[in-house]
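Student: coordinates only, no sequence provided:
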């Protein structure tokens, strides 16, 4: 039982540094004092002659957390403003697409309504990197169905005029849209907001 308690204490100790950014340095100062005391330089004077109060104030003055925050950086503020702009731009189509795919609004194999199809074609499919190949001989409709290989996931399909159908990734469409409309911020936005490996 005591071993488990000691192990739990060790994990707690390792987690404290992760919480210091939320405490405004309240935890970091004592921790730094503790670490600094372990590294104190050896002195030729006996320990009782060393002015510990002066050492503590020296440690605090050199080890205080910096007063500089990310929001003070104009480039960071510009990025956050642009990030908000991109998110508000793509949010309506993302919400619609997730509702189409993950709600009971459409059954497997069901075609989208005219209004939903128009939104998906104009705001997603038009930006797919291989949209011409996906449409092929012509677009008849857009439908929702299970992915042929990954039966647990639903996706959007282009139904062609010849009766053939092929799936397309709405995330690839969104990536291409962001790259097209926001070229200077696209890669950072994609890296921070999209899953890896989906193109």
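Tutor: Noted; the coordinates are in hand. The structure presented is a predicted model; accordingly, all values stated were derived computationally and were not measured.
Student: flag the shaky bits of this structure, pLDDT-wise.
Tutor: Within the chain, the ranges that satisfy pLDDT under 70 run 1-69, 71, 196-199.
Student: where do the helices sit along it?
Tutor: 2-19, 28-38, 52-63, 74-102, 114-123, 131-135, 170-181, 186-193 (DSSP state H).
Student: elements contacting the fifth one?
Tutor: To tie it back to what came earlier, the one meant is helix 114-123. Here helix 114-123 touches helix 74-102, strand 139-146, helix 170-181, going by 3 or more C-beta pairs under 8 Å, 6 or more residues apart in numbering; DSSP states H and E. For glycine as for every other residue, the C-beta is placed from the backbone atoms N, C-alpha and C.
Student: quick one: the closest residue to residue 106 other than its chain neighbours from residue 167, how far?
Tutor: Of all residues not flanking residue 106 in the chain, residue 144 sits nearest, at 4.5 Å (C-beta to C-beta, 6 or more residues apart in numbering). Residue 144 sits 10 Å away from residue 167, going by C-beta to C-beta, to the nearest Å.
Student: what's the overlap in contacts for the two?
Tutor: 155, 156, 157 (C-beta atoms under 8 Å, 6 or more residues apart in numbering).
Student: which one of those sits closest to residue 84?
Tutor: Checking the shared contacts of residue 144 and residue 167 against residue 84 by C-beta to C-beta gives residue 156 as the nearest, at 27.0 Å.
Student: residues contacting that closest one?
Tutor: 97, 100, 101, 120, 124, 142, 143, 144, 167, 168, 170.
Student: most neighbours among those, which one is it?
Tutor: Neighbour counts for the contacts of residue 156 (other C-beta atoms under 10 Å) peak at residue 124, which has 26 neighbours.
Student: outline the domain layout of the chain.
Tutor: 16-41+50-67, 72-193 (automatic domain parsing).
Student: most packed of those?
Tutor: Most buried of those by mean neighbour count (mean count of other C-beta atoms under 10 Å) is domain 72-193; its value is a mean of 15.
Student: correct me, but residue 171 touches residue 194?
Tutor: Yes. Counting by C-beta atoms under 8 Å, residue 171 does reach residue 194; the two are 6.1 Å apart.
Student: re earlier: let me have the helices and strands packed on helix 114-123 in JSON lines, extended by distance to residue 112.
Tutor: JSON lines is the format used below for these (distance: least, C-beta to C-beta, whole Å):
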{"stretch": "helix 74-102", "distance to residue 112": "7"}
{"stretch": "strand 139-146", "distance to residue 112": "5"}
{"stretch": "helix 170-181", "distance to residue 112": "12"}
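Student: so which of the ones you listed is nearest residue 111?
Tutor: Ranking the helices and strands packed on helix 114-123 by distance to residue 111, with C-beta to C-beta as the measure, places strand 139-146 first at 4.6 Å.
Student: no further queries at this time; thank you.
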